[in-house]
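[1] Just the structure for this:
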Amino acid sequence: QVQLVESGGGLVQPGGSLRLSCAATGLAFSLYEMKWYRQRPGEERELVARIKSGGGIRAYVPAVKGRFSISRDDAKNTVFLQMNSLNTEDTAVYYCNANRYEELTGETDYWGQGTQVTVSS
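    Residues are numbered from 1 along each chain as shown. A predicted model of the protein is given here:
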């Protein structure tokens, strides 16, 4: 059974930092592209950052570029999201996603349960 478990969320003041972790079990982690999404209250879930299998390619949405950094440790089956210079617009539930496409079996998606990040003074 595949599980993605996020941790590291919490309450932080504007300008502060948090590091989110997502530990994966039950899948060939290194073969998956890993993504972080977030969902603000009343809004749709949006992609924040992604890192390809192998870690060589990373991408960010403009709103977080230069402030957030995604990384992965395939030996520990874990993906991280380092978030710096947080502002109130970053308040959201953050979700971890594992995604893989294979020609024969199609696309596979797994999701974590989410971790709340609240930026407030």
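
[2] Could you use CA atoms for every contact and neighbour count after this?
    Fine.

[3] and stretch 49-64, which residues are buried?
    When burial is assessed from 16 or more other C-alpha atoms under 10 Å, stretch 49-64 yields the following buried residues: 49-53, 55, 58, 60, 64.

[4] no, scratch that, I was asking about stretch 63-81
    In stretch 63-81, counting by 16+ other C-alpha under 10 Å, buried: 64, 68-72, 74, 77-81.

[5] got the end-to-end distance for that stretch?
    Criterion C-alpha to C-alpha, to the nearest Å; first-to-last residue distance in stretch 63-81 is 14 Å.

[6] now stretch 57-76
    For stretch 57-76, the end-to-end distance is 19 Å (C-alpha to C-alpha).

[7] and it, how far out from the chain's middle?
    Stretch 57-76 has its C-alpha centroid displaced from the chain centroid by 8 Å (C-alpha atoms, centre = their mean, to the nearest Å).

[8] measure stretch 101-116 end to end?
    29 Å.

[9] which outside residues touch it?
    2-10, 22, 91-100 (C-alpha atoms under 8 Å, 6 or more residues apart in numbering).

[10] check which helix or strand covers the nearest residue to Asp73 once chain neighbours are set aside.
    The shortest distance from Asp73 to any non-neighbouring residue, by C-alpha to C-alpha, 6 or more residues apart in numbering, is to Val79 (6.3 Å). For Val79, the host element (DSSP states H and E) is strand 78-83.

[11] Run me through the strand neighbours of that strand, direction for each.
    Sheet pairing for strand 78-83, assigned by DSSP bridges, gives strand 18-25 (antiparallel), strand 68-73 (antiparallel).

[12] Which residues does it contact?
    By C-alpha under 8 Å, 6+ apart, the list of residues contacting strand 78-83 from outside reads 17-24, 34, 36, 67-73.
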